[in-house]
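Participant: can't give you the sequence, but here's the structure:
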């Protein structure tokens, strides 16, 4: 009986967590709060402390910036917006460093699946000191895309320096375009599976009480 109960519980957990289980297991997951559901912005800065203390040894890093509380971002890009949707990651350093290699990356859905790749990437050193990595998504491909995750593949330069702080910047440029905050809603099939698992659990409990 106990094993049956554990099986049903495992099914319930699997159904609920299935949409979030496909992200790169090697990536560093960094949660960000984009704001209240229904709100919107043209530019937003998110302080990042997860990489603080990281030395610059020329290593490659996979980073997943994930919206917390099952939120997502929807792009409402104006057709006249020639710059589209820009995402940049700035890392403040305690010493100077050379320009880093350009990054790669993509936007992904709730399953971690790539739904948009950038049409332009960039990286450079800035006086501060610091380094910045940039991804730009063209309006023709980015408009309306709902994404839960922003994935970066970066390579740090090799230098006698350490990361002291970071900032993720989401920018719709010019500022008359909008980035809208939404909430993840389970698909009907997911709800049906969850309901069936719950009914099975309740039926099992009822049989145990009768016995």
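Facilitator: Sure, I can see it. These numbers were taken from a predicted model, which means no experiment stands behind them. Residues are numbered from 1 along each chain as shown.

Participant: C-alpha from now on. contacts and neighbour counts both.
Facilitator: OK.

Participant: quick check: next helix or strand after the longest strand seen in the chain?
Facilitator: Ranked by number of residues, the top strand in the chain under DSSP state E is strand 158-172. Once the chain leaves strand 158-172, the next helix or strand it forms, by DSSP states H and E, is strand 178-183.

Participant: what strands flank that next one, and is each parallel or antiparallel?
Facilitator: With DSSP bridges as the test, strand 178-183 is paired with strand 40-41 (antiparallel), strand 71-76 (antiparallel).

Participant: the inter-axis angle of that strand versus strand 158-172?
Facilitator: Interaxial angle of strand 178-183 relative to strand 158-172 (axes from the mean of the first three to the mean of the last three C-alpha atoms, to 10 degrees): 90 degrees.

Participant: so residue 140: helix, strand or coil?
Facilitator: Under DSSP: H, G, I helix; E, B strand; the rest coil, the three-state class of residue 140 is helix.

Participant: what residue ranges in this structure score low on pLDDT?
Facilitator: The model of the chain has pLDDT under 70 over residues 1-25, 78-83, 141-143, 173-176, 185-211.

Participant: rewinding a little: burial-wise, tell me which of the strands paired with strand 178-183 comes out on top.
Facilitator: Compared across these, strand 71-76 shows the largest average neighbour count, a mean of 22 (mean count of other C-alpha atoms under 10 Å).

Participant: re earlier: need the strands paired with strand 178-183 in a markdown table (columns: distance to residue 165).
Facilitator: Shown next, in a markdown table, are the strands paired with strand 178-183 (distance: least, C-alpha to C-alpha, whole Å):
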| stretch | distance to residue 165 |
| --- | --- |
| strand 40-41 | 23 |
| strand 71-76 | 24 |
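
Participant: closest one to residue 53 among these?
Facilitator: strand 71-76 (28.9 Å; C-alpha to C-alpha).

Participant: continuing past that closest one, what's the next helix or strand?
Facilitator: Using DSSP H and E, the helix or strand that follows strand 71-76 in sequence is strand 85-93.

Participant: check which residues of that next one are buried.
Facilitator: Within strand 85-93, the residues that qualify as buried are 85, 86, 87, 88, 89, 90, 91, 92, 93, counting by 16 or more other C-alpha atoms under 10 Å.

Participant: those into CSV, with extra columns for distance to residue 154?
Facilitator: CSV is the format used below for these (distance: C-alpha to C-alpha, whole Å):
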residue, distance to residue 154
85, 19
86, 16
87, 13
88, 12
89, 10
90, 12
91, 12
92, 15
93, 16
